[in-house]
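>>> Okay, predicted coordinates and the sequence, questions at the end:
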Amino acid sequence: MSHCKDALKYFEEKFHCSQAVFAAFSEEYGVTKEHALKIGGCFGSGMRKGEVCGACTGALMVLGLKYGKCHADDEESKIRSDKVCDRFLDDFKKENGSYICNELLECDISTAEGVEYAMENNLFTEFCPKMVESAVLITEKILEEY
């Protein structure tokens, strides 16, 4: 199954966007899908506060697994992971207008009124899957280029 199909399947199964994106790639980088779904569980809906889009957070977890620093003296990995993080967020913002969940949804989902607005306007079922797909495609592009 492709990363996009896998991520969208998880999202349709009511996992958070962060979980869906992270789990779609996780096993390629040594993390089980079960662990990826658990790790990504608190990052959806912009960490429940409408901050950085969970699809972006899931993608950054993937990029961290691939490029992140894990040894104190590995400055090269630190520089590379900083670079791919900036690249991802810049590309996502260029494609979607922002990487902040509340800005993308045009409502404050940290409030009951904002969640109600998002649900009444089908944002979680019609808009958010587009963000999941966008995050996956940008992640794939970065993984291919680096």
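Received it, and whenever you're ready, just let me know what you need. Residues are numbered from 1 along each chain as shown.
>>> Which residues are in contact with Ala23?
If a contact means CB atoms under 8 Å, 6 or more residues apart in numbering, then Ala23 has 6-7, 10, 15, 33, 36-37, 40, 58 as its contacts. In this view, the C-beta of every residue, glycine as well, is placed from N, C-alpha and C.
>>> Just the ones in helices from the residues you listed, please.
Under the assignment DSSP state H, the contacts of Ala23 contribute 6-7, 10, 33, 36-37, 58 to helices.
>>> neighbour-wise, which of the residues you listed leads?
Neighbour counts for the ones in helices among the contacts of Ala23 (other CB atoms under 10 Å) peak at Gly58, which has 33 neighbours.
>>> tell me the contacts of that one?
Gly58 neighbours (CB under 8 Å, 6+ apart): 17-23, 40, 43, 135.
>>> Can you add pLDDT and give the residues you listed back as CSV?
Compiled in CSV, the contacts of Gly58 are given as follows (pLDDT from 0 to 100):
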residue, pLDDT
Cys17, 97
Ser18, 98
Gln19, 98
Ala20, 98
Val21, 98
Phe22, 98
Ala23, 98
Gly40, 97
Phe43, 97
Ala135, 98
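>>> contacting residues around Gln19?
Residues in contact with Gln19 (CB under 8 Å, 6+ apart) are 10, 36-37, 40-41, 43-44, 54, 58.
>>> if you set the cut-off to 6 Å instead, what comes out?
37, 40 (CB atoms under 6 Å, 6 or more residues apart in numbering).
>>> begin at 630 from here
All right, first residue 630 from here; so that's Gln648.
>>> Can you list phi and psi of it for me?
With angles defined as degrees, to the nearest 10, Gln648 sits at phi -60, psi -40.
>>> among the contacts of Gly687, who's most crowded?
That'd be Val650 among these, by other CB under 10 Å, with 38 neighbours.
>>> Tell me who's in contact with that residue.
Counting by CB under 6 Å, 6+ apart, Val650 touches 636, 684, 687-688, 764-765.
>>> how close does the residue nearest in space to the middle of the chain sit to Ser706?
Nearest to the mean C-alpha position of the chain, counting by CA atoms, centre = their mean, stands Ala684 at 2.3 Å. Using CB to CB, to the nearest Å, Ala684 is found at 24 Å from Ser706.
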